[in-house]
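Visitor: I need the structure of the sequence given here:
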Amino acid sequence: MHRSLLFTFITADRPGIIDRLSGLVAAHHGNWLASRLTRLSGRFAGVVQLHIAEDNIAGLRAALAGLQDEGIAVLLDEPAGQIDDRSDGVRLSVIGLDRPGIVREIAQALATRQINVTDMRSSIDSAPMTGEPLFRAELAIDIPAGLAIDSLHEELDMIANRLDIDWQLGSD
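Guide: Model prediction:
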């Protein structure tokens, strides 16, 4: 029987990290299904979903734990049941001059409405005309059935006015 597993990792950024990780997965006859990997502040981190035979999990677990000696911290997760990666295809885009609290305010507005964030990517760029730090975020969200979407719009408008940001809600 095969299982879906997740592992997360973080290490100092350098060439060969993906090769090392994917080599261990392949050596234990696992299949690398999906991943989110990125470099931030000189570190390289990610989350990987894989499919592997139950008989090979213990060996992979030991191999991943051995990466600690190479400076790669790994956490392996064995979710109960099937991993659900479905998304309702709703996207929230946020942009504005960078300031503390943008992520917190948006996250709080979503969490209080039981809206699940399934993917989030954010960055700081330079504003085209002024060069000031410009915050950008793209979020994939699952909105619960029956949610009064108007209340979310009102809350996002209040946050936008308070923090001088723009937001857009749409489908993928």
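
Visitor: What count of nearby residues applies to residue 52?
Guide: 19 (other CB atoms under 10 Å). From N, CA and C alone the C-beta is placed, and that goes for glycine too.

Visitor: nearest residue to the residue positioned nearest the centre of the chain other than its sequence neighbours?
Guide: The chain has residue 119 as the residue nearest its centroid, 4.8 Å off, counting by CA atoms, centre = their mean. In space, and not counting its chain neighbours, residue 119 is closest to residue 140: 4.0 Å by CB to CB, 6 or more residues apart in numbering.

Visitor: what's the spacing between the one helix or strand the one you found maps to and its chain's center?
Guide: If you go by DSSP states H and E, residue 140 is part of strand 133-142. Distance, stretch centre to chain centre, for strand 133-142: 11 Å (CA atoms, centre = their mean, to the nearest Å).

Visitor: what does that strand contact?
Guide: With contacts defined as CB atoms under 8 Å, 6 or more residues apart in numbering, strand 133-142 is touched by 87-99, 102-103, 106, 110, 115-127, 165, 172.

Visitor: and residue 90, how far is that from residue 24?
Guide: 36 Å (CB to CB, to the nearest Å).

Visitor: that older thread, what number of neighbouring residues does the residue nearest to residue 119 come out with?
Guide: Count around residue 140 with other CB under 10 Å applied: 17.

Visitor: low-confidence ranges in the protein?
Guide: Filtered on pLDDT under 70, the chain yields the residue ranges 81-88, 172.
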